[in-house]
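A.B. asks: how would this look folded up:
(chains A and B)
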2 protein chains.
Amino acid sequence: MSGTRSPAADVETRASNDDHDALRAWLRLLATTNSIEALVRGRLQSGYATTLARFDYLAQLERDPDGLRMRDLSSRLMVTRGNVTGLTDSLEKEGLVIREADAEDGRGFRVRLTAAGRRAFRAMAVEHERWIVDVFAVLSERELRQLRELLGRVKSHARDLGRNAS
Amino acid sequence: MSGTRSPAADVETRASNDDHDALRAWLRLLATTNSIEALVRGRLQSGYATTLARFDYLAQLERDPDGLRMRDLSSRLMVTRGNVTGLTDSLEKEGLVIREADAEDGRGFRVRLTAAGRRAFRAMAVEHERWIVDVFAVLSERELRQLRELLGRVKSHARDLGRNAS
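C.D. replies: Reported below is the predicted structural model:
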């Protein structure tokens, strides 16, 4: 399912009894992702009055102390340049990021976290990790490993298929 | 990760060694979903010159022979009313859906598939199912059941957590 996700809609209800097991697995995978994203969105909103897009944006910058070029940020976040510009404007206004002329590219800009931005992100990231730990606490350590292993094989195979004949 | 997905970016690369196992599992789940969506998007584009949004739209209508109210379609697809209007305009122009005044709601519209729309959707759906079967063919039947069972528990737990304290 494309676009934003809400806890209200469960894509898995689209599965009917005559659907193939693989299709049912895919709809469940999608529904699981949607449910976790909805949880994270809801808590970012209620706890920090912020959005997943802003959280993802800060998360990207946090891994690069020297900052990122706007266009790299755009491709890593898989959002349009226009969206990145809008997010940057609003985060810069709040003092969480700053834009600087890019030394390597006279026409371009880099963005990096300010000290305040780093503090704000880290506080959210600690909480975010706790939410995710809670979600997966329903599985034993062994089951969690199993899930990661199964997903890893499905992911690699999907990427191979996507590369070979899209 | 919010927004549209591309095969190029792998959100799992965000995981670092000191991240908690649960966080790594979540990033892998997200990366797996992204990879499969990217595959489906690519093939819908190359095989049918269509988008995942249009496919999802037709899939919703296909399950309701009497059609759906525009606002229900919007909430099921988790997209804005404006997006649904745009998609409806373009699909109606191509003869795949028709708008009808809603008998129960004088001001509203229902949309339903035309016979041509149903045929076009079914042809795509058969192919779509084959792509998904191919993706999950990397797992044995037993592993596929295991994956669905593990995901089912994670999904239920995430939904419970989302309901209780968001």
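
A.B. asks: Could you list the paired strands of the helix or strand bottoming out on mean pLDDT in chain A along with their orientation?
C.D. replies: With mean pLDDT, DSSP states H and E as the measure, the helix or strand of chain A carrying the lowest mean pLDDT is strand A:105-113 (a mean of 85). Next to strand A:105-113 in the sheet, as set by DSSP bridges, lie strand A:68-69 (antiparallel), strand A:97-102 (antiparallel).

A.B. asks: Please produce JSON lines containing the ones you listed, extended by mean neighbour count and mean pLDDT.
C.D. replies: C-beta: built from backbone N, CA, C; applies to glycine. Listed next are the strands paired with strand A:105-113 as JSON lines, based on neighbours: other C-beta atoms under 10 Å in any protein chain shown; pLDDT from 0 to 100:
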{"stretch": "strand A:68-69", "mean neighbour count": "19", "mean pLDDT": "92"}
{"stretch": "strand A:97-102", "mean neighbour count": "16", "mean pLDDT": "90"}
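
A.B. asks: And the pLDDT at the most centrally placed residue in chain A?
C.D. replies: Taking C-alpha atoms, centre = their mean, the centroid of chain A lies closest to residue A:56, which sits 5.3 Å from it. Predicted confidence (pLDDT) at residue A:56: the value is 93.

A.B. asks: quick one, domains of chain A?
C.D. replies: A:1-49, A:51-128 (automatic domain parsing).

A.B. asks: Of the ones you listed, which is nearest residue B:62?
C.D. replies: In terms of C-beta to C-beta, the element of the domains of chain A nearest to residue B:62 is domain A:1-49, at 9.7 Å.

A.B. asks: what about the top helix by length along chain A and chain B, any contact?
C.D. replies: Of all the elements of type helix in chain A, the one with the most residues (DSSP state H) is helix A:21-48. Yes - for helix A:21-48 and chain B, the contact criterion (C-beta under 8 Å from any C-beta of the partner chain) is met by A:21-26, A:28-33, A:35-39, A:42-43, A:45-46.

A.B. asks: related to what we said a few turns ago, list the contacts of the least confident helix or strand of chain A.
C.D. replies: Strand A:105-113 is contacted by residues A:58, A:61-62, A:64-71, A:73, A:88, A:92, A:96-102, A:121 when judged by C-beta atoms under 8 Å, 6 or more residues apart in numbering or on different chains.

A.B. asks: mind listing the helices for chain A?
C.D. replies: Counting by DSSP H, one finds helices in chain A at the ranges A:21-48, A:52-62, A:70-77, A:81-93, A:115-136, A:141-164.

A.B. asks: Filter the residues of helix A:21-48 next to chain B down to the buried ones and hand me the PyMOL line.
C.D. replies: A single PyMOL command is used to select the members of those judged buried by 16 or more other C-beta atoms under 10 Å in any protein chain shown:
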select buried, chain A and resi 22+23+24+25+26+28+29+30+31+32+33+35+36+37+38+39+42+43
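
A.B. asks: one step back: I'd like to know which elements the longest helix of chain A is packed against.
C.D. replies: helix A:52-62, helix A:115-136, helix B:21-48, helix B:115-136, helix B:141-164 (3 or more C-beta pairs under 8 Å, 6 or more residues apart in numbering or on different chains; DSSP states H and E).

A.B. asks: circling back to that earlier point, what about the strands paired with strand A:105-113, which gets the closest to residue A:160?
C.D. replies: Nearest to residue A:160, of all those, is strand A:68-69, at 28.8 Å by C-beta to C-beta.

A.B. asks: So what touches the closest one?
C.D. replies: Counting contacts by C-beta under 8 Å, 6+ apart, the residues outside strand A:68-69 that touch it are A:60-61, A:76, A:102, A:105, A:108-112.

A.B. asks: Give the buried subset of those residues as a ChimeraX selection command.
C.D. replies: Remark: buried members of the contacts of strand A:68-69, expressed as a ChimeraX selection using 16+ other C-beta under 10 Å:
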select /A:60,61,76,102,109,110,111,112
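
A.B. asks: Residue A:135 contacts residue B:22, doesn't it?
C.D. replies: Yes - with contact defined as C-beta atoms under 8 Å, residue A:135 reaches residue B:22; the gap is 7.1 Å.

A.B. asks: my read: residue A:81 touches residue A:70, true?
C.D. replies: Yes - applying C-beta under 8 Å as the test, residue A:81 and residue A:70 come out as touching, 6.9 Å apart.

A.B. asks: Appreciated, that's everything.
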